[in-house]
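>>> what's the 3D shape of this:
(2 chains)
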Number of protein chains: 2
Amino acid sequence: MGGGARGALLLLCAVLRMKRLNCGSLGTKRMPLLVMKFGGTSVGDLARIRNAATKVKSEVDRGFDVIVIVSAMSGKTNELVGWVNATSALYDAREYDAVVASGENVTAGLMALALQEMDVPARSWQGWQVPIQTTSAHSAARFVDIPRANIDQKFDQGMKVAVVAGFQGLSPEGRITTLGRGGSDTTAVAFAAAFDAERCDIYTDVDGIYTTDPRITTKARKLDHIAYEEMLELASLGAKVLQTRSVELAMRYKVRLRVLSSFDETDETSGTLVCDEEDIMESRVVSGVAYSRDEAKMTLQAVADRPGIAAAIFGPLAEAGVNVDMIVQNISEDGHTDMTFSCPTDQVLRAETALNAARDRGDIEFQGLVADRDVAKVSVVGIGMRSHAGVAAKMFKVLAAEGINIKVITTSEIKISVLIDRKYMELAVQALHDAFDMDKAA
Amino acid sequence: MGGGARGALLLLCAVLRMKRLNCGSLGTKRMPLLVMKFGGTSVGDLARIRNAATKVKSEVDRGFDVIVIVSAMSGKTNELVGWVNATSALYDAREYDAVVASGENVTAGLMALALQEMDVPARSWQGWQVPIQTTSAHSAARFVDIPRANIDQKFDQGMKVAVVAGFQGLSPEGRITTLGRGGSDTTAVAFAAAFDAERCDIYTDVDGIYTTDPRITTKARKLDHIAYEEMLELASLGAKVLQTRSVELAMRYKVRLRVLSSFDETDETSGTLVCDEEDIMESRVVSGVAYSRDEAKMTLQAVADRPGIAAAIFGPLAEAGVNVDMIVQNISEDGHTDMTFSCPTDQVLRAETALNAARDRGDIEFQGLVADRDVAKVSVVGIGMRSHAGVAAKMFKVLAAEGINIKVITTSEIKISVLIDRKYMELAVQALHDAFDMDKAA
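Reported below is the predicted structural model:
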């Protein structure tokens, strides 16, 4: 139930859902293909749409056919969502999707026009025109298939750029669906997989993935490469940049993802490439330091220890929708033990309610339930840990030297996470960043 | 080439285009059906959308199944058009349509949600979902077919209201089309025809059709009924209310059109019913007085009179896109005649250029070309004229009594138009309105 396990579970779902994705080529001889995705701020007004179109034209001039995935102009989706909420509190998700998807359609048309104005043969595609086939889970739909035929036909006829509205699809019932948060990134990766793209470039408002949050230490360094697994573990750093689901999908289909800025001059070496670890030449034990402020530590005191007690505790929590992250069980004394776990701060009340209800039903016994909301999680992540011993020991030593007490520890193959007092979080990140020389290139 | 002839020509096109419209019932036993159309100001914000939904619910409560046709929220279409123009001066009309049609899709979703919130089973339909089949003439598309199957199936399953995005359709190539100006009115009439609707109610910001413009005389009276033919002739009064093309289509398919206000309390007797003359019980010779400020009188002096001269003059004008309205040819003297015609003021320059070019080519001979921009057209319209003599004589007498000189006269079966000095226009409208007792109900 650690972050890694959750990630793997989500990934499995993605794989199951994606298994019908048509990844085969139609056999026609064509230009290499690039997918380029522009988020809301990157297409926030007409000048920015033109700026993005210039970047697309550069890739066409380099010899690529391009599929552009666009988000709605920044603010538009929020406006539409606001209208839906104001019209109907318990809205019909099918109508929500129909309204909200219109934002991406506007950007797609305008981007196609901006490209045409630069003499680039382009046309827009709405989800139903491709058609992007999804499940019927409105507002949280999953891809079922992205048939290539319609878009391939236009490429064969001379179109150089297909501008596709992100974040949306078509249900088996013929209704418009949306993919939920970060859906446009996922659309981009799914198109890159379906069309065998050379690469999927995610243009955003930052210039890449950093070793840690530059707001916490100015020594944070932009990474040229990062492995899919590392990117998933570094979710707290990358969440604003890359949606987790899109990284999972990219890993599954070996789509080379590049994160780069739409506001800087960019070339083929800009940004950060998220790729298979085999493609990363530089060898480094630790790639980054992640953190999360949004953690609480909960301790069940003097739990009656018996076989099946863990299931009796964590079953009700899962049913209540509590995302349990770290779990520690103390050594048992006199048939009783303390059980400690962490979860997001805003789920503490839900966890308390679920556990007290379980006690009232007689399913579990405990003496006390203590919630500590003043904790933070700090993690070091690196695929190099697989082959390097001593990373955990070094981490604990660094924190001890700063007088920081470790409350809970969990480890995965490529990550070591500790729960500490929140007031030490910045200090811990800075100390670890220094100790593992992350400011220096490998 | 009079207004009537132009109308008939447009109508013929409409008939040709509409001949495949599926007007037959599927034979299922269902509630009587009403089409209700709400224009941009009627759905201008969320409160107005809710207000419109209340009117729809009233009709459902009265036992109707309803098809609602919606425009974009007022201002939205202009915003989208502005973005297209700013992005690409010579824009691709297919992308223009894809962008601009999104405004209606938003309203359709919000209207469906507002109805659901009132416990009315409703869903939205975008043009391609129906699918509304049109020609490929982007931004000026014509209906080809409106298949009933998809919507009928949902009515059979319990849906009470289908909310359809107006103004749009789907081309044979699978692209989004728009119908051009006033397209949502035309969508409403086409759906009323295709679904054998009891009536097509056009909700707008005025409460009906008046005998003349209330800004010119406070005696202007709202009509309870008006015949299709009268409505077409009264275009100058109705243009802001009902798009000419929608009236032509309604006449062809005998769709009973009602114009009423979305801002007043309304019931089954509100507004003005545009219908077949046989359905109008009240007998009245003259139904309304129309006017047009936007007229110019042009006179070709001393034209060499010979067979074919009219064609030699008006051929080049038609080619130059000049909409010639009234034509008068004086009695020929010494093989020469004066030829006078009227056209919209903003086409005078175009007309002069075309005629001078024809003279330079030797196609026509004339001594002078005089344009008078200070004229206006005033018309009395009424289907009763067909059976009542003396209307023209009475009109001329009324104008003479006011000292108004008539410059040009044209007549059709149900209309008499005169060209007069523009400064007398309001006086003429008021005098004719009084003389024909239009302020009194029939």
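>>> got the residue ranges for the helices in chain A?
Taking DSSP state H, the helices of chain A run over residues A:3-18, A:46-61, A:76-87, A:93-100, A:102-117, A:149-156, A:183-194, A:228-233, A:235-238, A:244-253, A:309-319, A:348-360, A:391-401, A:425-435.
>>> pLDDT averaged over the fourth one - what is it?
For helix A:93-100, mean pLDDT rounds to 96.
>>> Show the contacting residues for the residue in the stretch 201-350 of chain A positioned nearest to chain B.
For the stretch 201-350 of chain A, the residue closest to chain B is residue A:262, as judged by Cβ to the nearest Cβ, at 17.1 Å. No exception for glycine: its C-beta is placed from N, CA and C like everyone else's. Contacts of residue A:262 were listed using Cβ atoms under 8 Å, 6 or more residues apart in numbering or on different chains, and they are A:38-39, A:41-42, A:48, A:51-52, A:55, A:203-205.
>>> try it again with 6 Å
A:42, A:52, A:203 (Cβ atoms under 6 Å, 6 or more residues apart in numbering or on different chains).
>>> Quickly note the distance from the residue with the largest distance to the centre of chain A to residue A:342.
No residue in chain A sits farther from the centre than residue A:334, which is 44.4 Å out by Cα atoms, centre = their mean. Taken as Cβ to Cβ, to the nearest Å, the spacing of residue A:334 relative to residue A:342 amounts to 26 Å.
>>> Poorly predicted segments of chain A, please.
Across chain A, the stretches falling below the confidence threshold (pLDDT under 70) are A:1-29, A:181, A:236-239, A:282-283, A:442.
>>> ok, residue A:387 - how many residues close by?
Burial of residue A:387 is recorded as 8 neighbouring residues (other Cβ atoms under 10 Å in any protein chain shown).
>>> what's the answer for residue A:241, then?
Residues contacting residue A:241 under the criterion other Cβ under 10 Å number 21.
>>> Just send the helices of chain A back as TSV, with distance to residue A:215 too.
Conversion of these to TSV gives the following (distance: least, Cβ to Cβ, whole Å):
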stretch	distance to residue A:215
helix A:3-18	22
helix A:46-61	24
helix A:76-87	24
helix A:93-100	31
helix A:102-117	30
helix A:149-156	41
helix A:183-194	23
helix A:228-233	20
helix A:235-238	11
helix A:244-253	21
helix A:309-319	33
helix A:348-360	26
helix A:391-401	21
helix A:425-435	9
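>>> Dump those helices to TSV, plus mean neighbour count and distance to chain B.
Below are the helices of chain A laid out as TSV (neighbours: other Cβ atoms under 10 Å in any protein chain shown; distance: least, Cβ to the nearest Cβ, whole Å):
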stretch	mean neighbour count	distance to chain B
helix A:3-18	16	25
helix A:46-61	19	5
helix A:76-87	17	5
helix A:93-100	25	4
helix A:102-117	28	4
helix A:149-156	16	8
helix A:183-194	28	17
helix A:228-233	26	34
helix A:235-238	22	32
helix A:244-253	24	25
helix A:309-319	16	30
helix A:348-360	16	29
helix A:391-401	16	52
helix A:425-435	20	43
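>>> can you tell which of the ones you listed is closest to residue B:362?
Judged by Cβ to Cβ, the one of the helices of chain A that comes nearest to residue B:362 is helix A:102-117, at 44.4 Å.
>>> Now do the closest one and helix B:76-87, the angle between them.
Computed by axes from the mean of the first three to the mean of the last three Cα atoms, to 10 degrees, the angle separating helix A:102-117 from helix B:76-87 equals 30 degrees.
>>> Helix A:102-117 packs against which elements?
Counting contacts by 3 or more Cβ pairs under 6 Å, 6 or more residues apart in numbering or on different chains; DSSP states H and E, the secondary-structure elements packed against helix A:102-117 are helix A:46-61, strand A:65-70, helix A:76-87, strand A:122-125, strand A:161-165, helix B:76-87, helix B:93-100, helix B:102-117.
>>> which residues touch the fifth one?
Applying Cβ under 6 Å, 6+ apart, the set of residues contacting strand A:161-165 from outside is A:56, A:66-69, A:104-105, A:108, A:111-112, A:115, A:120, A:122, A:124-127, A:151.
>>> What of the second one?
The contact list for strand A:65-70 (Cβ under 6 Å, 6+ apart) reads A:31, A:33-38, A:43, A:56, A:59-60, A:107-108, A:111, A:155, A:161-164, A:166, A:184, A:187-188, A:191.
>>> who does that strand pair up with?
Strands that pair with strand A:65-70, judged by DSSP bridges, come out as strand A:33-38 (parallel), strand A:161-165 (parallel).
>>> Work out the gap between the shortest one and the centre of the chain.
Spelled out, that is strand A:161-165. Averaging C-alpha coordinates over strand A:161-165 and over its chain gives two centres that are 23 Å apart (Cα atoms, centre = their mean, to the nearest Å).
>>> cool, and the first one?
Averaging C-alpha coordinates over strand A:33-38 and over its chain gives two centres that are 18 Å apart (Cα atoms, centre = their mean).
>>> For it, buried residues please.
Buried residues in strand A:33-38, counting neighbours by 16 or more other Cβ atoms under 10 Å in any protein chain shown, are found at A:33-38.
>>> JSON lines for these, including distance to residue A:357?
JSON lines is the format used below for the buried residues of strand A:33-38 (distance: Cβ to Cβ, whole Å):
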{"residue": "A:33", "distance to residue A:357": "54"}
{"residue": "A:34", "distance to residue A:357": "53"}
{"residue": "A:35", "distance to residue A:357": "48"}
{"residue": "A:36", "distance to residue A:357": "50"}
{"residue": "A:37", "distance to residue A:357": "44"}
{"residue": "A:38", "distance to residue A:357": "47"}
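>>> Name the nearest of these relative to residue B:367.
Set against residue B:367, the nearest of those by Cβ to Cβ is residue A:38 (65.3 Å).
>>> Look up how far residue A:108 lies from that closest one.
For residue A:38, the distance to residue A:108 equals 11 Å [Cβ to Cβ].
>>> do the same with residue A:225
With distances taken as Cβ to Cβ, residue A:225 is found 31 Å from residue A:108.
>>> got it, and residue A:348?
Here the criterion is Cβ to Cβ. By it, residue A:348 lies 42 Å from residue A:108.
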